[in-house]
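Q: sharing a model that was predicted from the sequence below.
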Amino acid sequence: MDTDTRHTVMATNTLDTTRIDGVIFGLPMAVLALAMVLYCIPQLSPVWHYAKAEAEYVRVARGDIPGELELDALTGALRRSGKPSDLSRAAHAQLIRAQQLGVRSIRSLPRLTAARRDLLKGVSAAPADAYAWTRLAVVEMHLSSTASAARALEMALQLAPAERKLTAIQFDLAVVLWPELEPAARSSIAQRLRWARQLPELKAAMSGNSAKTLERLLAVDPAPR
């Protein structure tokens, strides 16, 4: 075999060996990469669903209520997030839907009971969440559990005596639940009324029927200071 032929054979053998080595090395790497993809998809899926749920919840909170299947998907994603505050959000979405259906309607009962379940889990995990306690008071009131509603409102008043965004709804609740409220809760309402009078941003709440009714109730039966 002459020199040129020998070099050609060697070059050919070298190329074949490189190609075979690449295939041998690349095959397990491809299998490993595929395995990683298959592993990561289930891990990333709840994250994707939760990211979508964030935007959907904002829409629902603004009054844009989706269909039943979409609402169930939203509340399911919020429950899976692992955050107690998202249990409160899931309950809020259910509550909004129940109010849309009519809280006295039989169709709203599954939504209200689901909201109660989520809120009880939420306040158990995060007992300082005044928003969750206030929503629980609303749900219990709609379920005709006035004693439980009053206790939930009392907790919310105790935890956040100066939470501006909760002022109006807590005044509404206090009017309905007044006979069930303990003296300490009535005192908290009286303090909240005095505090709210000084804030221009709460002028609407103070000019509403609930605030006026509470002032009349307190005039008849003054709260202990």
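A: Looks like it came in fine. Residues are numbered from 1 along each chain as shown.
Q: identify the residues contacting Thr75.
A: Shown in contact with Thr75 (CB atoms under 8 Å, 6 or more residues apart in numbering): 90, 93-94, 114, 118. (Each C-beta comes from the backbone N, C-alpha and C, glycine too.)
Q: tell me the secondary structure at it.
A: Following DSSP: H, G, I helix; E, B strand; the rest coil, the label given to Thr75 is helix.
Q: can you give the domain ranges for this protein?
A: What automatic domain parsing lists as the domains of the chain is 65-127, 151-225.
Q: just the ones you listed: most buried one?
A: Counting by mean count of other CB atoms under 10 Å, domain 65-127 has the highest mean neighbour count of the domains of the chain, with a mean of 19.
Q: end to end, how far does it reach?
A: Taking CA to CA, to the nearest Å, domain 65-127 runs 29 Å from one end to the other.
Q: ok, stretch 175-189 next?
A: Start-to-end span of stretch 175-189 (CA to CA) is 10 Å.
Q: reformat the contacts of Thr75 as CSV; add distance to Leu159 and pLDDT.
A: Output for the contacts of Thr75, formatted as CSV (distance: CB to CB, whole Å; pLDDT from 0 to 100):
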residue, distance to Leu159, pLDDT
Ala90, 20, 93
Ala93, 22, 93
Gln94, 22, 94
Ala114, 24, 96
Asp118, 19, 97
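Q: let's have those in a markdown table, adding secondary structure.
A: Shown next, in a markdown table, are the contacts of Thr75 (three-state DSSP):
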| residue | secondary structure |
| --- | --- |
| Ala90 | helix |
| Ala93 | helix |
| Gln94 | helix |
| Ala114 | helix |
| Asp118 | helix |
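Q: where do the helices sit along this structure?
A: 3-61, 68-80, 84-101, 109-125, 130-142, 146-159, 167-177, 183-197, 203-206, 209-220 (DSSP state H).
Q: check these for me: which has the lowest mean pLDDT.
A: Among the helices of the chain, helix 3-61 carries the lowest mean pLDDT, a mean of 52.
Q: re the thing from before, rebuild the domains of the chain as a markdown table, extending it with distance to Glu140.
A: Output for the domains of the chain, formatted as a markdown table (distance: least, CB to CB, whole Å):
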| stretch | distance to Glu140 |
| --- | --- |
| domain 65-127 | 7 |
| domain 151-225 | 6 |
